[in-house]
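1. Sequence and predicted structure are below.
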Amino acid sequence: MNTNDLQQELKNKKRSVADLVRHIETRTDNNPNYSLLLGAGCSVTSGIESARSLIDTWRKEVFYDDEENKDIEYSVETAKDYLTKHHGGWYNKLNEYSSLFEKKYDLPRQRRIFVEQEVRDKTPSLGYAYLTKLVGSNYFNTIFTTNFDDLVNEAFYQYSNKRPIVCAHDSSITSITVTSRRPKIIKLHGDYLFDDIKSTLRETESLEDNMRNKFIEFSKDFGLIVIGYGGGDRSIMDTLSYLLKHEDYYKNGIYWCIRNESEISEELRKLLWKDKVYYVLCDGFDELLAEINHSVYGDSLPIDTTVISSKSTDLISNFVTNKCLQNSKSEFIKNDIEKLNKQNKQNNIYDFLKQLNSDRESSLNDDDYTDSEIIMLLSLEDSVSRKDYDGTEKLVRKYIGLCKKDDLKIRILNLLIDSYEMQNRLKEALKICDEVLDIDDRNPRIYLKKFKLLTGFNEKCDVLNLAIELDPYYYKSYYHKARLMIEGYLSDSLDDKEKTYDEINEIIDIGIQRYPCIRNECWDTKFDFLVEVKRKVKDAKNSLMQIIEALEIQDKFSPKVLNMKLDLIDSSAKKEVVDEYINTIKIAKGKANKKQIWIYNLLELDALSKFNRIDELKAKTSKLLSYPSSLTNYRILIRVAIVKLKKLDDLESAIDLLKNAVEIKHTKSSVETLVNYFTYNGEIESAEKLLLDNEILFNREEYLVNLQDIYQANLDFDKALNVVRELEELSTWPNIYLSKRVYILMKLDRYKDAMGVLKEYLSDNNYSLESEVEIVNYEFCNKKCGRKVHKERLGNLLKYTDSDQTKAAIYALLDDIDNVIIHLKKAFKFNFVIKYTSKDWPVFQAITDKRFSELYQ
């Protein structure tokens, strides 16, 4: 039976929320008339998995535990019928939760540990905030709950100044009196902190004597309002049925709040037929409490603003980002969320002020900002983040006229530069940079901002040289100059590569001399560049080891040092070598402070991933995700998601993890990775929306690279080509995007055009074997134009390359399908991402072999 059937059968028993509010407000001497009974449905929007969801998961797992079912298509009814027929000794179709729970977890301690993992570190949802406010006004004073979680108690600590009495033990319940003024939380089935929680069929068939007696005692003077509880415990339903037979109990009635369109158990249906029992339909726990709250208090916030300002605004952020609340149809909730969000933004002023007071490396010149100046900056930041470009420009011009502090003017103008850069109005952005330099022309940081807006190599070098001349001890100027030249070197855009190589190393070394600290990015740049060009450099491994040794003096167990060591271990290294490295990570983790442990966990993940230790990798990712702290660490979620796809070919799980990571914090890394994974999964609209909503995280060039990938994945090659043209105009090194241009031309069947681009590029570097992709594409275009491929060149490339996907492409050109399959399998074994990125390569498009299509399923 569902709620629609119930309304037909028991139409006269239906009451509205307005009726319920009227009864709640009808009090004598401000004493409450009702106790509350809360069930598992109240906890769902706080992030605790519902009983229904757990039942579905457990039932499916138990069904497939039997070997005979492994090839049977699963359905709920099939599973129920099978379990009833073959496992009727323990399986109870009418009480699935308890029977399945006991089957999955044999011992009370095991069940407690499971429950603890489910409920730990959860934040009470908005409904609990409404509830504590109603308790604070004495509309309710006693809350019974069948839940093991601590959400009700936690809600009082988070949202209220009231401190409740909590009773979870039969032995302690006798001390609680009906007349006590303190709020009372009585946990009928115990607390997850103790092994004696009641969760199985036998355990929930009876309440402990003292607990039952107290339940009965409160039934004399109070009515009962039931929320989020389906009536699945015989102990409670039997007690209610017994009490309803006597006139002295539940004089104010029982009002059972039921979610619209939910299923009604037979036990609850029978109870609703009894006198003094009524039902109220609602959209959920949060929605019901929101309506009651607004009926009682009007439009006031569900949480006292004085409480908000004294606690972390993360609580409000949780409400604002809670998907269940976002999808709620309740106008009350929508309005309250909007108000709380506004309150949250105002509270950011205090956080911002604290940051300014502690940040003495910024250009504040020891001046404190006034509240109005802070509001000025925050409103500008908000305008930029909302992409209100016209509004930003107007505000800047308005505020600049009011500013008397140079450092404040610079901050405001920098926000305008950011706004112009997001719009690709680079000329205007550069003009504002010059305005900033008119205010302070001795600050190298301002020159670095201008450097990032320029596109020409010589112009960029001139600005960086000016920054170095102004402050020859500011290491970041050397870092940016080295990075600029490395990009030119690796894209074959600079003449005299040998001279350039020496100049790059000289610049990096000066940057390190200026600031030898391990945190200096010049160390990473020197190491990464040497790894990139090690084939050309004599004794490169010794040079790389020297970098590591220099850093080990500062911190032997630094993640940076351990990462570098990992880079130097060959992927085919012996097990003992890998075990020794992993053991070093564990030693480092043992010495690290608690806040850094997650970094070493990720290092271990990287090592297992590099050496393809799949079983250990599965165990490690599973263990990491079992820690509640991991589920709130977006960096861990991103890295585990990457492993899930790269090594385990689990795109669906990877996307779910990345969604959670983005929800925790919108970062360039989390958004960009999720955009890519959406495209792999064919979710083009989701990818485009996510990128557009987070445009502020990227500079123009980064944004366009991602946009081009989306258009390409959507087979919209004309749009993709237009984006590539814009990228080439924006970039200091247009050759970086040569492969993208060629790929699109090939997909458009413009093979002659693609050949022309490739021939010019390859002729300039004498068909160097380093240009693997370009050579393969050139020979493919040759073939498509009716010419023969250059077998000698391709043969040399086969010997040169370490890349299995490149080898597969070469063998495709040579019509050797067996070797195509062999090398694609090898490539996928080490990186399943290739499965998604190589599927539509033009070089594979003529392959009709069934084995090829099966590889990509």
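-> Sure, I can see it.
2. so where's the stretch 201-350 of the chain shaky on pLDDT?
-> In the predicted model of the stretch 201-350 of the chain, residues 201-210, 303-318, 320-321, 342-350 satisfy pLDDT under 70.
3. For Phe332, give its distance to Ala290.
-> 4 Å (CB to CB, to the nearest Å). All C-beta atoms are positioned from the backbone trio N, CA, C, and that covers glycine.
4. ok, those two, which is more surrounded?
-> Shown here are Phe332 and Ala290; by other CB atoms under 10 Å, Ala290 has more neighbours (28 against 21).
5. Report all helices and strands that the helix or strand hosting the more buried one contacts.
-> Using DSSP states H and E, Ala290 maps to helix 285-297. For helix 285-297, the packing partners by 3 or more CB pairs under 8 Å, 6 or more residues apart in numbering; DSSP states H and E come out as helix 17-25, helix 126-136, strand 277-282, helix 331-358.
6. Run me through the strand neighbours of the third one, direction for each.
-> According to DSSP bridges, strand 277-282 has the following sheet partners: strand 14-15 (parallel), strand 254-259 (parallel).
7. Among those, pick out the one with the most neighbours on average.
-> Greatest average neighbour count among those goes to strand 254-259 (a mean of 23), per mean count of other CB atoms under 10 Å.
8. and the angle from it to helix 17-25?
-> Interaxial angle of strand 254-259 relative to helix 17-25 (axes from the mean of the first three to the mean of the last three CA atoms, to 10 degrees): 140 degrees.
9. Tell me how far strand 254-259 lies from the chain's centre.
-> A distance of 36 Å separates the C-alpha centroid of strand 254-259 from that of its chain, computed with CA atoms, centre = their mean, to the nearest Å.
10. Domain boundaries for the chain, per the record?
-> 3-48+123-299, 53-116, 359-441, 737-855 (automatic domain parsing).
11. Could you dump those into TSV with distance to Glu552 added?
-> As requested, these are exported to TSV (distance: least, CB to CB, whole Å):
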stretch	distance to Glu552
domain 3-48+123-299	42
domain 53-116	41
domain 359-441	28
domain 737-855	28
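12. What residues sit buried inside stretch 136-155?
-> Across stretch 136-155, burial judged by 16 or more other CB atoms under 10 Å covers 136, 139-155.
13. Out of the strands paired with strand 277-282, the one nearest Glu503 is which?
-> The minimum distance between Glu503 and the strands paired with strand 277-282 falls on strand 254-259, with 69.6 Å, by CB to CB.
14. Next one: Glu61 from Asn831, what distance?
-> 31 Å.
15. Check which helices and strands the helix or strand harbouring Glu459 sits against.
-> For Glu459, the host element (DSSP H and E) is helix 457-470. Counting contacts by 3+ CB pairs under 8 Å, 6+ apart, helix 457-470 is packed against helix 444-453, helix 475-490.
16. follow-up on the earlier one: can you say which of the domains of the chain is nearest to Tyr489?
-> That would be domain 737-855 among the domains of the chain, by CB to CB, at 11.5 Å.
17. Show me how far that closest one is from its chain's centre.
-> On CA atoms, centre = their mean, the centre of domain 737-855 falls 35 Å from the chain's centre.
18. start the count at 599, not 1, going forward
-> In the new count, where the first residue is 599, that last one comes out as domain 1335-1453.
19. For the chain, just list every one of the strands.
-> For the chain, the strands defined by DSSP state E cover 612-613, 632-636, 738-743, 763-765, 782-785, 821-825, 852-857, 875-880.
20. how about these, which one is nearest Arg650?
-> That would be strand 852-857 among these, by CB to CB, at 11.0 Å.
21. And the most centrally placed residue in the chain, how far from Leu1249?
-> The centroid of the chain falls nearest to Ala1259 when counting by CA atoms, centre = their mean (1.0 Å). Distance of Ala1259 to Leu1249, computed by CB to CB: 15 Å.
22. now do Cys1120
-> Applying CB to CB, the value for Cys1120 to Leu1249 is 37 Å.
23. could you redo the strands paired with strand 875-880 as JSON lines and give each row distance to Phe883?
-> Compiled in JSON lines, the strands paired with strand 875-880 are given as follows (distance: least, CB to CB, whole Å):
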{"stretch": "strand 612-613", "distance to Phe883": "17"}
{"stretch": "strand 852-857", "distance to Phe883": "8"}
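24. For Ser1268, which of those is the nearest?
-> The nearest among the strands paired with strand 875-880, by CB to CB, is strand 852-857 at 33.4 Å.
25. and the angle from that closest one to strand 632-636?
-> Relative orientation of strand 852-857 and strand 632-636, computed by the same axes, to 10 degrees: 40 degrees.
26. and the angle from strand 852-857 to strand 821-825?
-> Orientation note: strand 852-857 sits at an angle of 10 degrees relative to strand 821-825 (the same axes, to 10 degrees).
27. Check what contacts strand 852-857 and list those residues.
-> 601, 604, 613, 618, 621, 632, 639, 821-826, 838, 842, 862, 866, 869-870, 874-882, 886 (CB atoms under 8 Å, 6 or more residues apart in numbering).
28. Just the buried residues of these.
-> Listed as buried from these are 601, 604, 613, 618, 621, 632, 639, 821-826, 838, 842, 862, 866, 869-870, 874-882, 886; burial here means 16+ other CB under 10 Å.
29. residue ranges with poor pLDDT in this protein?
-> Residue ranges of the chain with pLDDT under 70: 718-719, 766-773, 775-777, 788-808, 901-916, 918-919, 940-966, 969.
30. on that earlier part again, and Glu659 and Asn1429? Which one has more around it.
-> Neighbours per residue (other CB under 10 Å) separate Glu659 from Asn1429, with Asn1429 holding more: 17 against 12.
31. quick one: contacts for the more buried one?
-> Contacts of Asn1429 (CB under 8 Å, 6+ apart): Lys1244, Lys1245.
32. Distance check, Glu700 against His685.
-> Remark: distance between Glu700 and His685 (CB to CB) = 12 Å.
33. For Asn811, give me its contacts.
-> For Asn811, no contacting residues are found, by CB under 8 Å, 6+ apart.
34. Pull up the gap between it and Phe738, please.
-> Distance of Asn811 to Phe738, computed by CB to CB: 21 Å.
35. do Gly686 as well
-> 42 Å.
36. And for Asp1036?
-> Distance, Asp1036 to Phe738, using CB to CB: 64 Å.
37. Kindly report the same for Asp663.
-> Using CB to CB, one gets 44 Å for the distance from Asp663 to Phe738.
38. again, but for Ile1037
-> Distance from Ile1037 to Phe738, by CB to CB: 60 Å.
39. ok, now Arg780?
-> 12 Å.
40. Check Val878 too.
-> 16 Å.
41. Pretty sure Thr1098 sits against Tyr1087.
-> Yes - judged on CB atoms under 8 Å, Thr1098 makes contact with Tyr1087 at a distance of 5.3 Å.
42. Comparing these two, which residue is more hemmed in?
-> Taking neighbours as other CB under 10 Å, Thr1098 and Tyr1087 compare with Tyr1087 leading, 19 against 16.
43. contacting residues around the more buried one?
-> The contact partners of Tyr1087, by CB under 8 Å, 6+ apart, come to Lys1095, Thr1098, Tyr1099, Ile1102.
44. Considering these, which possesses the most neighbours?
-> Ile1102 (23 neighbours).
45. so what's it closest to, chain neighbours aside?
-> Among residues not flanking Ile1102 along the chain, Met1083 sits closest, at 5.0 Å (CB to CB, 6 or more residues apart in numbering).
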